[in-house]
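*Asks:* just a sequence and a predicted model for now, questions to come.
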Amino acid sequence: MADTIKIGRVSIKKTAALAPMAGVADRAYRLMCKEFGAAYAVSEMVSAKGICYSDRKTAELCTVTDGERPMAVQLFGSEPDFMAEAVKIVLEYEPDIIDINMGCPVPKVVGTGAGSALMKDIPLAADITAAAVKAAGEVPVTVKIRSGWNAESINAVEMAKALEASGAAAIAVHGRTRDQFYSGKADSGIIREVKAAVSIPVIGNGDITDAASALAMYEQTGCDLVMIGRGSYGRPFVFEEVEAALEGREYAPPTVEERMEIMLRHIRMMLDMSPKCEEMAMHEARKHAAWYMNGFYGSAKFRGRCYQLSSYAEAEALAGEFIQLQSDRMHKSFG
Ligand SMILES: Cc1cc2nc3c(=O)[nH]c(=O)nc-3n(C[C@H](O)[C@H](O)[C@H](O)COP(=O)(O)O)c2cc1C
């Protein structure tokens with residue numbers, strides 16, 4: 001059995017968590033990953049100011065279903081008052097944890113002083129965290145940060161200490177600067193430094209794609225939990241792989257047939273949960289279909305075809321063709 005860690009009052013299996021990913025890790029995605037053993041999930045980021053002014057998308061973004069727990073709802077914002085107000089609204093959806101995004105690099109978010117812009121203003125980051133902690137009461141508040149704004153201003157340690165002093169219950173660190181966006185290699189050294197500097201749990205994130213890289217993150221940083229983002233694209237079973245490795249169990253990855261079954265189940269879930277018509281919902285499922293076909297013979301061509309899917313029936317037919325292609329290829333190589 002895997003160990004557990006505690007974030008505030010919340011117990012989490014010490015295996016691997018699913019990272020928040022706007023536009024990717026929606027409810028269907030989170031449920032798929034949780035089903036395959038993700039220890040913890042975080043919602044797509046939600047604008048604190050946005051939910052204070054309009055409740056149009058609040059329920060869709062903040063609802064936490066039982067299958068997703070333990071789960072955090074993630075907020076971004078640059079004003080302590082709006083953050084506190086937003087926390088109170090989000091609490092009605094009973095999240096296990098409230099997470100604050102201080103790592104998002106995109107100009108639309110950074111331009112408002114939120115996301116990774118807060119790495120440049122530690123006193124404000126601390127005030128926002130303190131306001132959220134006060135509003136959240138018993139619900140733990142965590143913060144997700146980067147290593148710094150740019151290579152000349154690596155300040156994750158100073159930031160983490162200030163956030164801990166403001167009452168944060170855990171810190172997730174993505175070992176890249178804002179300037180790196182998602183390129184270059186994530187630095188696990190900074191995660192180790194943060195872990196050594198604070199006494200709250202530290203979650204290590206960046207470039208974990210399989211059991212070996214998850215174990216390396218634990219070993220190199222001493223972190224309390226690892227978090228996987230892009231490494232779960234089309235591979236929700238990566239969480240099962242990490243868990244098996246941590247427990248010293250053998251792990252057999254799903255066969256092509258099983259992968260296609262998982263893909264179709266994921267697509268069905270997306271279509272069922274979407275308020276949109278099948279064709280529009282299928283547009284959102286296309287990239288997922290393409291990810292499930294990654295890394296196989298002929299997958300480049302199939303990925304292109306995924307981007308033309310407009311119904312579930314087409315996805316089913318394409319999965320059948322994909323399985324056939326892999327099987328023909330296998331017979332050819334062994335025949
Ligand atoms: C498409 C996409 C959307 C993301 N959205 C969020 C978000 O809403 N909140 C957040 O804190 N991080 C977000 N991230 C960053 C990830 O949570 C994670 O920190 C980053 O991808 C590095 O981890 P990885 O190498 O395992 O992907 C996003 C990343 C991607 C690729």
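*Replies:* Arrived safely, thanks for sending.

*Asks:* care to break this structure down by domain?
*Replies:* Per automatic domain parsing, the structural domains of the chain span 4-246, 256-334.

*Asks:* list the buried residues in the helix or strand hosting Ile51.
*Replies:* Element membership for Ile51 (DSSP states H and E) is helix 48-53. Using 16 or more other C-beta atoms under 10 Å as the test for burial, helix 48-53 gives 48-52. In short, each C-beta sits where N, CA and C put it, glycine included.

*Asks:* make TSV out of those residues and add pLDDT and distance to Lys120.
*Replies:* Shown next, in TSV, are the buried residues of helix 48-53 (pLDDT from 0 to 100; distance: C-beta to C-beta, whole Å):
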residue	pLDDT	distance to Lys120
Ala48	97	19
Lys49	96	19
Gly50	95	22
Ile51	96	25
Cys52	96	24
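
*Asks:* save the residues you listed as a markdown table, and put in distance to the ligand too.
*Replies:* What follows is the buried residues of helix 48-53, written out as a markdown table (distance: C-beta to the nearest ligand atom, whole Å):
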| residue | distance to the ligand |
| --- | --- |
| Ala48 | 13 |
| Lys49 | 16 |
| Gly50 | 13 |
| Ile51 | 14 |
| Cys52 | 18 |
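
*Asks:* as CSV, the residues you listed with distance to Tyr29 would be great.
*Replies:* Listed next are the buried residues of helix 48-53 as CSV, based on distance: C-beta to C-beta, whole Å:
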residue, distance to Tyr29
Ala48, 23
Lys49, 26
Gly50, 21
Ile51, 21
Cys52, 27
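
*Asks:* of all those residues, which comes closest to Ala211?
*Replies:* Ala48 (36.2 Å; C-beta to C-beta).

*Asks:* which one of the domains of the chain is the most hemmed in?
*Replies:* When those are scored by mean count of other C-beta atoms under 10 Å, the highest mean neighbour count falls to domain 4-246 (a mean of 21).

*Asks:* now do the same for the closest residue to the ligand within the stretch 151-300 of the chain: its pLDDT.
*Replies:* At 2.7 Å from the ligand, Gly229 is the closest residue in the stretch 151-300 of the chain, using C-beta to the nearest ligand atom. Note on Gly229: pLDDT of 98.

*Asks:* same question, Met1
*Replies:* Per-residue confidence (pLDDT) for Met1: 76.

*Asks:* so how far is Val139 from it?
*Replies:* Separation of Met1 from Val139 (C-beta to C-beta, to the nearest Å): 27 Å.

*Asks:* quick one, strands of the stretch 1-150 of the chain?
*Replies:* Applying DSSP state E, counting those that start in this stretch to the stretch 1-150 of the chain gives strands spanning 4-7, 10-13, 16-18, 41-42, 46-47, 71-76, 97-102, 141-148.

*Asks:* now these in JSON lines, with mean pLDDT?
*Replies:* Formatted as JSON lines, the strands of the stretch 1-150 of the chain follow (pLDDT from 0 to 100):
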{"stretch": "strand 4-7", "mean pLDDT": "98"}
{"stretch": "strand 10-13", "mean pLDDT": "98"}
{"stretch": "strand 16-18", "mean pLDDT": "99"}
{"stretch": "strand 41-42", "mean pLDDT": "98"}
{"stretch": "strand 46-47", "mean pLDDT": "97"}
{"stretch": "strand 71-76", "mean pLDDT": "98"}
{"stretch": "strand 97-102", "mean pLDDT": "98"}
{"stretch": "strand 141-148", "mean pLDDT": "98"}
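
*Asks:* enumerate the residues of the chain near the ligand.
*Replies:* Proximity of the chain to the ligand is confined to 19-24, 44-45, 74, 101, 103-104, 144, 174, 182, 205-208, 228-231 under the rule C-beta under 6 Å from any ligand atom.

*Asks:* go again using 5 Å as the cut-off
*Replies:* Selection of the chain residues close to the ligand by C-beta under 5 Å from any ligand atom yields 19-22, 24, 45, 101, 144, 174, 205-207, 229-230.

*Asks:* mind listing the helices for this protein?
*Replies:* For the chain, the helices defined by DSSP state H cover 27-35, 48-53, 58-62, 80-91, 107-110, 122-136, 156-165, 188-197, 211-221, 238-246, 256-273, 278-292, 299-306, 312-334.

*Asks:* who does the second one touch, helix- and strand-wise?
*Replies:* It stands for helix 48-53. Judged by 3 or more C-beta pairs under 8 Å, 6 or more residues apart in numbering; DSSP states H and E, helix 48-53 is in contact with helix 58-62, strand 71-76, helix 80-91.

*Asks:* same thing with the longest one?
*Replies:* Helices and strands touching helix 312-334, as assessed by 3+ C-beta pairs under 8 Å, 6+ apart, comprise helix 256-273, helix 278-292, helix 299-306.

*Asks:* is it possible to get CSV of the ones you listed that adds distance to Gly115 and mean pLDDT?
*Replies:* Putting these into CSV (distance: least, C-beta to C-beta, whole Å; pLDDT from 0 to 100) gives the following:
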stretch, distance to Gly115, mean pLDDT
helix 256-273, 26, 98
helix 278-292, 23, 98
helix 299-306, 30, 96
